[in-house]
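In: Show me the folded form of this:
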Amino acid sequence: MKRLLIISPYFPPVNTADMQRARMSLPYYKEFGWDAEVVAVDPGYTDLQQDELLLESVPADIKIHYIKALSKKWTAKLGFGSISYRSYLAYRQKVNRLLKSEKFDLIYFSTTQFQICTLGAYWKKQFNVPYVIDMQDPWHSEYYRDKPRQQRPPKYRFSYRLNKFLEPIAIKQADGLISVSADYIKTLKTRYPQIKHIPESIITFAAPEHDFEIAARNQDKFRQLLDKGFKNIVYIGRGGMDMYKAIAPVFEAVKKGIAEEPETFKKIKLYFIGTSYAPQGQTVPTILPLAFQYGLDANVIEIADRIGYYHTLVTLKHADALFIPGSDDPQYTASKIFPYLLTGKPLLAIFNAGSPALGILDEYDAQHAYSYDATPNIHEKIRSFLEDIVHKKITDPVYNKGAVEKYSARMMTNRQCDLFNLISS
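Out: Here you go, the predicted model:
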């Protein structure tokens, strides 16, 4: 049995998107010949949303090494509030001890806290252990360079320069890359010719089948967020102005529908939940401003605070229909599409024409997946979908069984291990 050391600063019970791949894969690594351990930051050192039920999904025999981190209260004053900076020295010390005393065949960075990945080059040099980086998002990105200041992330200029400096330290020495998007890897291999021939694999996030069983057992623990007096169409996930192009056609269809068929379209409520990554009490709505522009403040509900992972699954199951808007970035692949598909609820998805998500939805035979910049008559199609939801004319989807199996957590883990085997053989 080969040994895998997973580096994931955020880990259950902390509820973040970037730990989900590792979490969902843990039950299957041994089946494919890998004994995995995780090094994570103790949850007490983060102010992010936590969901204790996430711990139920982690196999009891998985060894988790929790480390400390510097207090954000002090480091944030210096501009380094990220968990990757605050835990950097603790990671180095802990993994040094592990690699000195035990044999690991591979280190796997599965996180969007990319700065911690620079330690991969150090550990490789010191202990001759290869490493793989999971590019769930771009690290050093040019996406915001031409965007107005109000659309850029906080401290953008500082982060841009720092990421440009740190990325090559980690990437140039990497032994393999996993990514949710082929474009992410293509960009890196063009930027750094020395990694042109290292193994790579395009692996989407997995469909979390067993998580719905945990959600169902605990559904009575969660507060009801939806208004049963309406037809509730729900999106749960991050917001942002980069999604406006995908959301605007829906708002336009609803606005026109209210003007022409008020008795139908006034029954619709569109929910946008968990749209901000900021701590509770510091969140700022990003979808409501667009709703106000269309005069839809009575039909659009935005709850910017994040909710727990299993609260999310229960709320999706309570909805009448689901909506997934994509970013205007063509490389964007929404990890959330798989929980949405597993609900079996009618689904409306709108993405940039270049998004890989549309290809996945096509494999599933999703009937209402559109491109805001390429689908003809998109407003009519959206309006027809909404009318069918109100009048109960739409049936629950039946998806392609081959796609359901292909994107299962077990198969996505198998593909990770295939890459690991290429590197460690």
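
In: so what's residue 389 up against?
Out: 231, 233, 268, 320-321, 346 (CB atoms under 8 Å, 6 or more residues apart in numbering). C-beta: built from backbone N, CA, C; applies to glycine.

In: switch the cut-off to 6 Å
Out: 231, 320-321 (CB atoms under 6 Å, 6 or more residues apart in numbering).

In: any idea how far the residue lying farthest from the centre of the chain is from residue 266?
Out: The C-alpha centroid of the chain is most remote from residue 260, which lies 37.6 Å away (CA atoms, centre = their mean). Distance, residue 260 to residue 266, using CB to CB, to the nearest Å: 12 Å.

In: where does the residue farthest from the centre of the chain land on pLDDT?
Out: At residue 260, the pLDDT value in this model is 96.

In: what's the answer for the one 3 residues further on, then?
Out: On pLDDT, residue 263 comes in at 95.

In: for residue 280, same thing?
Out: So, for residue 280, pLDDT stands at 78.

In: Could you do the one 3 residues further on as well?
Out: You'll see residue 283 listed with a pLDDT of 89.

In: remind me, longest strand of this structure?
Out: If you go by DSSP state E, the chain has its longest strand at strand 34-41.

In: Just after that strand, pick out the following helix or strand.
Out: strand 63-67 (DSSP states H and E).

In: Show me what that next one is packed against.
Out: In terms of contacts (3 or more CB pairs under 6 Å, 6 or more residues apart in numbering; DSSP states H and E), strand 63-67 is packed against strand 34-41.

In: helices or strands up against the strand it packs on?
Out: Strand 34-41 packs on strand 2-7, strand 63-67, going by 3+ CB pairs under 6 Å, 6+ apart.

In: Single out the most deeply packed of the ones you listed.
Out: strand 2-7 (a mean of 22; mean count of other CB atoms under 10 Å).

In: got the angle for it vs strand 34-41?
Out: 20 degrees (axes from the mean of the first three to the mean of the last three CA atoms, to 10 degrees).

In: what residues does strand 2-7 touch?
Out: Residues contacting strand 2-7 (CB under 6 Å, 6+ apart): 22, 33-39, 104-110, 424.

In: hmm, back to that, can you redo the contacts of residue 389 as a markdown table with secondary structure?
Out: Listed next are the contacts of residue 389 as a markdown table, based on DSSP: H, G, I helix; E, B strand; the rest coil:
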| residue | secondary structure |
| --- | --- |
| 231 | strand |
| 320 | coil |
| 321 | strand |
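
In: among these, who's most crowded?
Out: residue 321 (23 neighbours; other CB atoms under 10 Å).

In: Give me the residue ranges of the stretch 251-400 of the chain where confidence is low.
Out: Residue ranges of the stretch 251-400 of the chain with pLDDT under 70: 334.

In: quick one: the strands in it?
Out: With strands called from DSSP state E, counting those that start in this stretch, the stretch 251-400 of the chain shows them at 268-273, 300-303, 321-325, 347-351, 369-371.

In: how many other residues sit next to the closest residue to residue 40 other than its chain neighbours?
Out: Closest residue in space to residue 40, ignoring its immediate chain neighbours: residue 11 at 3.5 Å, by CB to CB, 6 or more residues apart in numbering. Residues near residue 11, counting by other CB under 10 Å, number 25.

In: you'd agree residue 11 is in a helix?
Out: No: judged by three-state DSSP, residue 11 forms no part of a helix; its state is coil.

In: For it, grab phi and psi.
Out: The phi/psi pair for residue 11 (degrees, to the nearest 10) reads phi -160, psi 160.

In: Output the contacts of residue 389 as CSV; include the columns distance to residue 307.
Out: Listed next are those as CSV, based on distance: CB to CB, whole Å:
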residue, distance to residue 307
231, 21
320, 19
321, 19
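
In: measure residue 411 to residue 66 for me?
Out: 30 Å.

In: Please apply the same query to residue 304.
Out: Taken as CB to CB, the span from residue 304 to residue 66 is 30 Å.

In: ok, now residue 195?
Out: 32 Å.

In: on that earlier part again, so which of the strands of the stretch 251-400 of the chain is nearest residue 191?
Out: For residue 191, the closest of these is strand 347-351, at 25.4 Å, according to CB to CB.

In: Just the CA trace of the closest one, in PDB.
Out: What follows is strand 347-351, C-alpha atoms only, in PDB (Å, rounded to 0.1, in the frame of the first residue of the first chain):
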ATOM      1  CA  LEU A 347     -32.500  22.500 -13.100                       C
ATOM      2  CA  LEU A 348     -31.800  25.700 -15.100                       C
ATOM      3  CA  ALA A 349     -28.100  26.400 -15.800                       C
ATOM      4  CA  ILE A 350     -26.700  29.400 -17.600                       C
ATOM      5  CA  PHE A 351     -22.900  29.600 -18.400                       C
END
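
In: Stretch 276-295: which residues count as buried?
Out: For stretch 276-295, burial by neighbour count (16 or more other CB atoms under 10 Å) applies to 276-277, 283, 285-288, 290-291, 294.

In: ditto for stretch 127-140
Out: 129-140.

In: again with stretch 65-79
Out: Here stretch 65-79 shows 67, 69-70, 72, 75 as buried, counting by 16+ other CB under 10 Å.

In: Outside of it itself, list whatever touches it.
Out: Counting by CB under 6 Å, 6+ apart, 39-42, 45, 81, 86-87, 90, 94 sit against stretch 65-79.

In: still on that earlier bit, want to throw the strands of the stretch 251-400 of the chain into CSV with distance to residue 213?
Out: CSV is the format used below for the strands of the stretch 251-400 of the chain (distance: least, CB to CB, whole Å):
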stretch, distance to residue 213
strand 268-273, 22
strand 300-303, 26
strand 321-325, 19
strand 347-351, 21
strand 369-371, 27
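
In: so which of those strands is the most packed in?
Out: Comparing these by mean count of other CB under 10 Å gives strand 347-351 as most buried, with a mean of 26.

In: Also compute the angle for that strand relative to strand 321-325, please.
Out: 10 degrees.

In: List the neighbouring strands of strand 347-351 plus their orientation.
Out: strand 321-325 (parallel), strand 369-371 (parallel) (DSSP bridges).

In: Can I get these in a markdown table including distance to residue 417?
Out: Shown next, in a markdown table, are the strands paired with strand 347-351 (distance: least, CB to CB, whole Å):
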| stretch | distance to residue 417 |
| --- | --- |
| strand 321-325 | 29 |
| strand 369-371 | 30 |
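
In: I am finished for the moment; much appreciated.
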